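Asker: sharing a model prediction with you, sequence too.
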Amino acid sequence: MNLARGKELGITRKVDAGTFRLTNPPSEWYEGPRLDGGTTRNGDEPGDAHEASTSLGASPDTGDASSPPLDLANWMSHLSHHLLDTPLHKVRLIGSHDAASYKLSSSKMGALPKWLRTVHSFTNGIATAPFTGIIIRWGEAQHVNIYEQLRLGVRYLDLRVVCESNGDGDTPNANTFHAEHGMAGPDYREILSDIRRFLDSHPNEVVLCDFNHFHRFTSKQQHFEFIDLCEHYLGEHVAPLALRRASESGQGTLTYRECLRSNTRCLIFHGGWDHVGVARKAVEAGCWGRSVKDLWSPWPMANSRRELTERFGKLDVDGKQARGFFVLQGVVTPTMSRVVSGLTLPNTWFRGRKLKNVDNVQGPYEQTVKNLSPRPKTLRQLAERVTPLVSELVVTGKVHAMCVVMVDHVDLADVRGMLLAAYPRR
């Protein structure tokens, strides 16, 4: 992105390619209490003060009892001795599925059928009220906002975009953009601001933003507006496609070292190249494409934990051969029967028998029954069964998983265990 383009978009901070320093990073790379005893940077939030970042030149974790636990907010920095010259698509990265679906609206619909959105709008939500609550309960795939997900160790964000036209679709600045998963999610100004805030305050971390669903985009002008929005918030951090092409050691992507050297630590994948001119605009803004050589994210089509376990291993084998980033989706897709049974059947079913009251169960199965999770009535409750299973498969080495491992409700995952299983401390 050239200087004139930056001024046009309102980006005032200068992009400093600088010199890559492994053993003596500049002081502004630290977040929270500095290692030299100084104070926090201006603009840092008091709540982040406990996140004392370790520089790339600091001694790696030793693994003994006196070692502090792995700081998930800065894990790439702390494990840099493993990562520096590894192509990013061969690094184990934790991903969040439908990352921006943590706060769904009860009044505004996302990419649902047009007739349903029309009824919802015409009746001011009264006619659709019985359904919107169900959509939200089964649509919220994350529990915390983007910034908190990144602090939990997430480095890949799976993102959907809806264009809300406020007038003529070809009129500049006539559209707004928000996330969705059934119902509408947060505005992208909030989402992108969270990503930039994290990148600003964690200068040794790399983030992948995958925009792979574009709904209600009817003209290239709408795509241009969204690309401009991304460039405005993230432009100075974006690792352009040109950097990938110039990479000598990335084997088709970039290495962690190359991202730090160029001071560009955000990779944007843009899947909306369905209008003439959008691809060129996206590349000029630094975006990558979403072809198989860029990023491959096959849907496991699993409706149960058993199916997911079976298909997880097969997909993992495919991931070893991927030329670009590969996303191992650790998600179970709720079927209509699962949703309906969660609404209509009680939580007191065990081995096909309906028990009157779990609290009054006695006999050999008493403890087993009482330890059963309730029949899932929300995506969160389903994730309580699935996400720990995915963590176990990865931590125990049952899958290779040297790629993006994506889950619902990432706060339920053993992120620290998955990372240390791949990159043990010295």
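Answerer: That came through fine.
Asker: make it CA atoms for all contacts and neighbour counts henceforth
Answerer: Fine.
Asker: next, the distance between the ends of stretch 240-257.
Answerer: 15 Å (C-alpha to C-alpha, to the nearest Å).
Asker: where does the prediction get shaky in the stretch 301-426 of the chain?
Answerer: Under the criterion pLDDT under 70, the flagged ranges of the stretch 301-426 of the chain are 342-374, 426.
Asker: next one: the chain
Answerer: Looking at the chain by pLDDT under 70, you get 1-67, 167-173, 248-251, 274, 342-374, 426.
Asker: ranges for the strands of it?
Answerer: 93-96, 154-165, 175-181, 183-187, 207-215, 266-270, 295-296, 325-330, 349-350, 353-354, 404-407 (DSSP state E).
Asker: with mean neighbour count added, can I get these in a markdown table?
Answerer: Below are the strands of the chain laid out as a markdown table (neighbours: other C-alpha atoms under 10 Å):
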| stretch | mean neighbour count |
| --- | --- |
| strand 93-96 | 28 |
| strand 154-165 | 23 |
| strand 175-181 | 23 |
| strand 183-187 | 22 |
| strand 207-215 | 19 |
| strand 266-270 | 24 |
| strand 295-296 | 18 |
| strand 325-330 | 26 |
| strand 349-350 | 15 |
| strand 353-354 | 10 |
| strand 404-407 | 26 |
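Asker: of all those, which one is nearest Leu72?
Answerer: strand 154-165 (8.5 Å; C-alpha to C-alpha).
Asker: and the angle for the closest one with strand 175-181?
Answerer: Counting by axes from the mean of the first three to the mean of the last three C-alpha atoms, to 10 degrees, strand 154-165 points 130 degrees away from the direction of strand 175-181.
Asker: let's number from 23 now, not from 1
Answerer: From this message on, residue numbering opens at 23, which makes the last subject strand 176-187.
Asker: how far off centre is strand 176-187?
Answerer: 9 Å (C-alpha atoms, centre = their mean, to the nearest Å).
Asker: just grab the bridge partners of the closest residue to Val353 other than its chain neighbours for me.
Answerer: Spatial nearest neighbour of Val353, excluding adjacent residues (C-alpha to C-alpha, 6 or more residues apart in numbering): Val429 at 5.7 Å. Bridge pairing for Val429 (DSSP bridges) gives the partners Ser118, Gly352.
Asker: for Phe236, same thing?
Answerer: Counting by DSSP bridges, Phe236 is bridged to Val183.
Asker: rewinding a little: distance of the residue nearest to Val353 from Gly161?
Answerer: 14 Å.
Asker: do the same with Leu441
Answerer: With distances taken as C-alpha to C-alpha, Leu441 is found 28 Å from Gly161.
Asker: same check on Leu101?
Answerer: 34 Å.
Asker: looking at the two, which one has more neighbours?
Answerer: Gly161 (24 against 21; other C-alpha atoms under 10 Å).
Asker: contacts only, for the more buried one.
Answerer: By C-alpha atoms under 8 Å, 6 or more residues apart in numbering, Gly161 lies in contact with Ser123, Leu126, His203, Gly204, Met205, Leu401.
Asker: swap the cut-off to 10 Å and go again
Answerer: For Gly161, the contact set (C-alpha atoms under 10 Å, 6 or more residues apart in numbering) comprises 120, 123-126, 154-155, 202-207, 400-402.
Asker: what's the closest of those residues to Asp340?
Answerer: Asp120 (22.6 Å).
Asker: how many residues are close by the closest one?
Answerer: 22.
Asker: look up phi and psi at it.
Answerer: Dihedral angles of Asp120 (phi, psi; degrees, to the nearest 10) stand at phi 50, psi 60.
Asker: how about the nearest residue to it once chain neighbours are set aside, what does it touch?
Answerer: For Asp120, ignoring the flanking residues on the chain, the nearest one in space by C-alpha to C-alpha, 6+ apart is Asp180 at 5.2 Å. The neighbours of Asp180, taking C-alpha under 10 Å, 6+ apart as the test, are 117-123, 230-235, 291, 349, 428.
Asker: if we use 6 Å, what do you get?
Answerer: Contacts for Asp180 (C-alpha atoms under 6 Å, 6 or more residues apart in numbering) come out as His119, Asp120, Ala121, Asp232.
Asker: can you check Ala324 too?
Answerer: With C-alpha under 6 Å, 6+ apart, Ala324 has these contacts: Leu330, Val354.
Asker: what does Trp137 give?
Answerer: Taking C-alpha under 6 Å, 6+ apart as the test, Trp137 contacts no residue whatsoever.
Asker: show me where the stretch 323-448 of the chain has helices.
Answerer: Along the stretch 323-448 of the chain, counting by DSSP state H, counting those that start in this stretch, helices occupy 327-342, 358-366, 388-392, 401-417, 437-444.
Asker: return the most buried member of the ones you listed.
Answerer: Comparing those by mean neighbour count (mean count of other C-alpha atoms under 10 Å), helix 401-417 ranks first with a mean of 21.
Asker: rewinding a little: among the helices of the stretch 323-448 of the chain, which is nearest His142?
Answerer: Of the helices of the stretch 323-448 of the chain, nearest to His142 by C-alpha to C-alpha is helix 358-366, at 21.2 Å.
Asker: tell me how far the residue most central in space within the chain lies from Pro262.
Answerer: Residue closest to the average C-alpha location in the chain (C-alpha atoms, centre = their mean): Leu179, at 2.2 Å. Between Leu179 and Pro262 the distance is 18 Å, computed by C-alpha to C-alpha.
Asker: ok, back up a step: Throw the strands of the chain into CSV and include distance to Leu138, thanks.
Answerer: Output for the strands of the chain, formatted as CSV (distance: least, C-alpha to C-alpha, whole Å):
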stretch, distance to Leu138
strand 115-118, 28
strand 176-187, 16
strand 197-203, 15
strand 205-209, 11
strand 229-237, 15
strand 288-292, 28
strand 317-318, 32
strand 347-352, 29
strand 371-372, 34
strand 375-376, 36
strand 426-429, 29
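Asker: all good on my end, thank you.
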